[in-house]
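Novice: let's see this in three dimensions:
(one chain, ligands or ions: 1)
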Amino acid sequence: MRESELSPAEDCRLDHLGFSKKMKMGTAMRSLALSSILILALLAMIIAPTSASHVPAEKLGVTNFESSKAAEHVYQPYRTGYHFQPRKNWMNDPNGPFFYKGWYHFFYQYNRNAAVWGNITWGHAVSTDLVHWRTLHTALKGDDWYDVKGVWSGSAAFLPNGTPVLYYTGWSNASQQTQAMAVPEDPSDPLLKEWDKAPQNPIALTPPGYNSSQFRDPTTPWMGADGEWKMLVGAVVGEDQLTGTALLYTSKDLFNWKFTGKSLQSIHGTGMWECPDFYPVDLHQKKGLETSVMGPHVKHVLKVSLDLKKHDYYSVGTYDAKTDSYTADNNKLDTGLGLRYDYGKFYASKTFFDQNKGRRILWGWANESSSVADDVAKGWSSVQCLPRHIWLDPEATTNLVQWPIEEVDALRMNKMTKEGITLEKGAMVDLMRKGTQLDIEVEFAMPESSEGKAQSPELLAENGHLQCSDLVAGKKMAHGFGPFGLHVLATEDLAERTSIFFYLYNDGKGGDWKTLFCGDHSMSSLQTDVDKTTYGSYVTIHKSDTSLSVRVLVDHSTVESFAQGGRTVFTSRVYPEKAIGGAAKVYLFNNGSESVTVKSVSSWDMASINIKFWSGAP
Ligand code: DQQ
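Specialist: Prediction:
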């Protein structure tokens with residue numbers, strides 16, 4: 001690759017990395033109880049530190065950092081520029097994020113020794129803006145009988161005095177799953193560098209009659225109507241071991257826990273529920289709710305990571321605090337059966353309430369689509385998706401909406417905007433934007449004949465990704481508009497391209513439009529040993545919608561695509577061979593028979609975040 005072929009963001013990233021130009025090549029419930037819960041929740045919010053001001057890390061006595069420079073001495077085209085990644089080796093689930101004394105804390109499943117899963121510990125990173133990170137030394141590692149084989153996923157909570165605590169699953173010396181917790185050695189340290197295992201550990205052993213190898217991933221506790229804390233642990237039950245379930249635990253003090261003998265919910269056929277997440281969402285507002293909040297303006301979300309499918313599914317429903325049970329609003333879209341957070345590579349996600357900005361934030365893990373051999377060769381595996389602000393769609397309280405946190409916008413540079421482009425049948429328009437670190441927003445005019453037609457929520461349960469696969473395979477659907485959308489990471493000859501597109505169709509008898517939002521990866525790389533599965537699903541169109549919109553965030557091997565302001569999302573992992581650096585282009589296309597109008601398209605280069613990596617003792 002020639003130097004001139006490097007995009008501005010890429011160029012800047014490589015400069016920072018210290019490459020020379022030459023190197024660059026290479027319920028309802030009683031009102032009394034309700035008010036006390038609200039008061040407790042408010043108290044928790046007040047006690048939990050809310051100040052956005054922070055003491056700089058250097059003043060906190062941590063100076064052992066090195067920039068990305070020393071991380072890799074060889075330019076790696078697939079390493080991301082503005083997503084969180086450790087310096088090297090294997091990473092999986094996001095664990096226990098929270099905000100404390102001006103710093104966001106993020107933990108992750110981490111193998112310090114290799115680019116494959118194993119020897120799992122909790123890696124630790126901190127940031128003041130959720131975008132720029134510095135990693136710290138390992139927060140939790142297996143060193144006692146109940147976790148000696150691995151410190152698995154979990155969550156964080158605040159004690160009534162505001163001190164954060166971590167809950168996790170330990171893999172014991174007898175290969176059994178246990179639940180345990182850790183407390184900060186010095187709560188006055190905003191970076192919370194040292195963590196001590198609690199003397200109460202293990203706080204839970206597998207209850208009799210349950211499978212001790214399928215008992216894991218404690219949730220953030222919430223305060224119940226009876227004034228006791230509640231927590232869920234994922235499990236699977238039944239003779240066929242196919243009923244996913246969230247076991248309910250209770251505690252008076254957040255340290256001593258007992259099994260209630262019941263589950264919040266169980267759904268047959270879904271298999272093991274990994275990484276459950278249970279939280280309130282406001283019926284009317286985008287603002288997030290602290291995990292214990294309940295009331296008439298609140299719905300609840302139960303998310304589970306299905307071990308059988310390796311996808312994160314959620315349902316929206318009602319939590320009955322009297323009986324500690326949860327019922328999805330629509331049984332066709334029940335937990336593990338209907339809605340997914342993300343229709344691409346996104347698993348073992350975790351939300352937290354960010355009291356600093358009054359919002360709920362979602363983190364999800366995107367693993368590789370390449371072979372294990374490739375992971376080992378490049379020395380790392382997996383990225384974390386950008387943190388996403390998450391809230392209930394105010395227009396259809398059936399689904400959530402996700403959007404990259406606003407802080408991500410600060411990375412945008414070199415804006416270009418175009419308006420009023422007509423894409424005739426077969427059109428392809430070069431956006432004249434090159435590079436592999438991009439943010440692109442496109443607004444398409446709604447095809448006229450779809451005006452006033454709203455999609456019924458039931459359709460969401462249908463298998464949208466199969467429809468997307470049919471389209472990609474060239475099986476045309478009648479009465480349609482599209483496919484139209486974007487090619488990113490595309491070579492000029494289109495031999496390599498990652499395509500994100502819409503397709504609208506109906507029954508041809510005046511029925512409502514169905515809108516598909518798809519990702520075609522079949523041409524994403526000339527390499528053959530990578531997974532090129534087609535992703536996608538339906539996207540809800542509200543009567544008030546006048547456009548179809550898409551935002552695509554490109555970051556080397558990671559592409560996150562959001563439709564209709566985040567009603568449907570998918571994450572792609574792609575490995576172009578030629579469409580790298582400045583050779584990666586962006587095109588608007590219309591492969592449908594009807595013309596489509598692009599109302600506006602804006603694009604930006606994205607700056608690199610240059611993670612500071614801990615270089616002291618691991
Ligand atoms: N990953 C962790 C488990 C969790 C799984 C182990 C989900 O705790 O169930 O690394 O990816």
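
Novice: which residues are in contact with the residue nearest to the spatial centre of the chain?
Specialist: In the chain, the centroid-proximal residue (CA atoms, centre = their mean) is Gly364; its distance is 2.6 Å. By CB atoms under 8 Å, 6 or more residues apart in numbering, the contact set of Gly364 is 94, 312, 341-342, 346-350, 384-385, 388, 571. Quick note: C-beta positions are derived from backbone N, CA and C, even for glycine.

Novice: same thing with Ala115?
Specialist: 88-90, 375-376, 378-381.

Novice: quick one on the thing from earlier: type out the PyMOL command that picks the buried ones from the contacts of Gly364.
Specialist: In PyMOL, a selection of the buried entries from the contacts of Gly364 looks like this (16 or more other CB atoms under 10 Å):
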select buried, resi 94+312+341+342+346+347+348+349+350+384+385+388+571
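
Novice: out of the contacts of Gly364, who's nearest the ligand?
Specialist: In terms of CB to the nearest ligand atom, no member of these lies closer to the ligand than Ala348, at 3.9 Å.

Novice: on that earlier part again, the contacts of Ala115, buried ones only, as a PyMOL selection?
Specialist: Selection of the buried residues among the contacts of Ala115 in PyMOL, burial being defined by 16+ other CB under 10 Å:
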select buried, resi 88+89+90+375+378+379+380+381
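
Novice: ok, the contacts of Ala115 vs the ligand, which is closest?
Specialist: Trp90 (9.5 Å).

Novice: how about the closest one: which residues does it bridge to?
Specialist: Asn111, Ser381 (DSSP bridges).

Novice: that one reaches Val116, doesn't it?
Specialist: Yes: shown here, Trp90 and Val116 form a contact pair, counting by CB atoms under 8 Å, at 5.6 Å.

Novice: give me the common contacts of the two.
Specialist: Counting by CB under 8 Å, 6+ apart, the residues touching both Trp90 and Val116 are 375, 381.

Novice: just read off the phi/psi values of Val376.
Specialist: Backbone torsions for Val376, taken as degrees, to the nearest 10, come to phi -60, psi -40.

Novice: any idea how far Val389 lies from the ligand?
Specialist: Val isn't right for residue 389; it's His. Per CB to the nearest ligand atom, to the nearest Å, His389 is found 23 Å from the ligand.

Novice: neighbours of that residue, how many?
Specialist: By other CB atoms under 10 Å, 21 other residues sit near His389.

Novice: neighbours of Ser544, just the number please.
Specialist: Counted by other CB under 10 Å, the residues lying close to Ser544 total 7.

Novice: for it, give me its contacts.
Specialist: Ser544 makes contact with Glu395, according to CB under 8 Å, 6+ apart.

Novice: quick one: it is in a helix?
Specialist: No: applying DSSP: H, G, I helix; E, B strand; the rest coil, one finds Ser544 to be coil, outside a helix.

Novice: for the ligand, what are the nearby residues on this structure?
Specialist: The chain has residues 92-93, 109, 120, 152-153, 169, 216-217, 274-275, 305, 347-348 near the ligand, with proximity defined as CB under 6 Å from any ligand atom.

Novice: need those in a markdown table with pLDDT and secondary structure, can you?
Specialist: Shown next, in a markdown table, are the residues of the chain next to the ligand (pLDDT from 0 to 100; DSSP: H, G, I helix; E, B strand; the rest coil):
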| residue | pLDDT | secondary structure |
| --- | --- | --- |
| Asn92 | 98 | strand |
| Asp93 | 98 | strand |
| Gln109 | 98 | strand |
| Ile120 | 98 | strand |
| Trp152 | 98 | strand |
| Ser153 | 98 | strand |
| Thr169 | 98 | strand |
| Arg216 | 98 | strand |
| Asp217 | 98 | coil |
| Glu274 | 98 | strand |
| Cys275 | 98 | strand |
| Ser305 | 98 | strand |
| Tyr347 | 98 | strand |
| Ala348 | 98 | strand |
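
Novice: format the residues you listed as a markdown table; extra columns: distance to Thr498.
Specialist: Listed next are those as a markdown table, based on distance: CB to CB, whole Å:
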| residue | distance to Thr498 |
| --- | --- |
| Asn92 | 24 |
| Asp93 | 25 |
| Gln109 | 27 |
| Ile120 | 31 |
| Trp152 | 33 |
| Ser153 | 30 |
| Thr169 | 36 |
| Arg216 | 34 |
| Asp217 | 32 |
| Glu274 | 28 |
| Cys275 | 28 |
| Ser305 | 25 |
| Tyr347 | 20 |
| Ala348 | 24 |
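
Novice: buried subset of those?
Specialist: The buried subset of those - by 16+ other CB under 10 Å - is 92-93, 109, 120, 152-153, 169, 216-217, 274-275, 305, 347-348.

Novice: of these, which is the nearest to Phe255?
Specialist: Of all these, Phe255 sits closest to Thr169, with 16.8 Å by CB to CB.

Novice: which residues touch the closest one?
Specialist: With CB under 8 Å, 6+ apart, Thr169 has these contacts: 151-154, 177-180, 215-218.

Novice: picking up where we left off before, confirm that the residue nearest to the centre of the chain sits in a strand.
Specialist: Yes: counting by three-state DSSP, Gly364 is found in a strand.

Novice: now the strands for the stretch 351-500 of the chain?
Specialist: Ranges of strands in the stretch 351-500 of the chain, per DSSP state E, counting those that start in this stretch, are 359-366, 380-381, 383-384, 388-392, 400-404, 412-423, 428-434, 437-445, 480-490, 498-505.

Novice: now those strands in JSON lines, with mean pLDDT and distance to Gly317?
Specialist: Shown next, in JSON lines, are the strands of the stretch 351-500 of the chain (pLDDT from 0 to 100; distance: least, CB to CB, whole Å):
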{"stretch": "strand 359-366", "mean pLDDT": "98", "distance to Gly317": "17"}
{"stretch": "strand 380-381", "mean pLDDT": "96", "distance to Gly317": "35"}
{"stretch": "strand 383-384", "mean pLDDT": "98", "distance to Gly317": "28"}
{"stretch": "strand 388-392", "mean pLDDT": "98", "distance to Gly317": "12"}
{"stretch": "strand 400-404", "mean pLDDT": "98", "distance to Gly317": "12"}
{"stretch": "strand 412-423", "mean pLDDT": "98", "distance to Gly317": "37"}
{"stretch": "strand 428-434", "mean pLDDT": "96", "distance to Gly317": "42"}
{"stretch": "strand 437-445", "mean pLDDT": "98", "distance to Gly317": "32"}
{"stretch": "strand 480-490", "mean pLDDT": "93", "distance to Gly317": "33"}
{"stretch": "strand 498-505", "mean pLDDT": "94", "distance to Gly317": "30"}
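
Novice: now those in a markdown table, with distance to His465?
Specialist: Below are those laid out as a markdown table (distance: least, CB to CB, whole Å):
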| stretch | distance to His465 |
| --- | --- |
| strand 359-366 | 17 |
| strand 380-381 | 24 |
| strand 383-384 | 22 |
| strand 388-392 | 20 |
| strand 400-404 | 18 |
| strand 412-423 | 25 |
| strand 428-434 | 25 |
| strand 437-445 | 21 |
| strand 480-490 | 14 |
| strand 498-505 | 12 |
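
Novice: on that earlier part again, now, the most widely separated pair of the contacts of Gly364?
Specialist: Within these, Lys350 and Thr571 form the most distant pair, 15.5 Å apart (CB to CB).
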